[in-house]
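Novice: no sequence on this one, just coordinates:
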């Protein structure tokens with residue numbers, strides 16, 4: 001009798017916890033290809049926490065950086081040919097991607113809140 005009451009309380013508690021606490025949404029992964037001096041713009045629909053992998057298919061090195069709406073800059077460092085760099089989007093708002101070495105390279109997109 002006591003055991004069945006404990007099991008009922010435990011079952012109700014677990015059901016409450018399952019409906020009250022949800023797991024965070026999985027982050028999306030995007031891939032952007034660099035061809036010589038241009039970024040392939042895949043039309044990102046990104047949100048905070050999503051990741052972008054930049055794949056350098058050019059025969060030259062690049063040094064990409066992301067500038068967030070508030071002025072925060074995230075540098076991905078030098079990216080030799082046939083390598084990848086990954087950035088996790090840290091804040092919502094407008095983001096501009098450029099290359100320190102080749103300023104003609106530019107991509108813009110908006111990041112939504114979680």
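Specialist: Happy to help now that I have it. This one's a predicted model, so the numbers in the text were calculated from it and none came from an experiment. Numbering: from 1, shown residues only.
Novice: what stretches of the chain score poorly on pLDDT?
Specialist: The chain contains residues with pLDDT under 70 at 1-25.
Novice: the closest residue to residue 85 other than its chain neighbours and residue 61, how far apart?
Specialist: Once flanking residues are discounted, residue 85 sits nearest to residue 76: 4.2 Å by CB to CB, 6 or more residues apart in numbering. Any C-beta I mention is one placed from the backbone N, CA and C, and that applies to glycine too. Distance, residue 76 to residue 61, by CB to CB, to the nearest Å: 12 Å.
Novice: more neighbours, the two?
Specialist: residue 76 (19 against 14; other CB atoms under 10 Å).
Novice: from residue 29, how far out is the more buried one?
Specialist: 16 Å.
Novice: please apply the same query to residue 46.
Specialist: From residue 46 to residue 29 the distance is 10 Å (CB to CB).
Novice: again with residue 61
Specialist: Using CB to CB, one gets 24 Å for the distance from residue 61 to residue 29.
Novice: can you check residue 75 too?
Specialist: 21 Å.
Novice: dump the residue contacts of the nearest residue to residue 66 once chain neighbours are set aside.
Specialist: Take residue 66 and drop its neighbours on the chain: the residue closest to it by CB to CB, 6+ apart is residue 74, 4.6 Å away. With contact set as CB atoms under 8 Å, 6 or more residues apart in numbering, residue 74 has these partners: 65-66, 68, 87, 90.
Novice: same check on residue 72?
Specialist: Applying CB under 8 Å, 6+ apart, the residues near residue 72 are 90-91.
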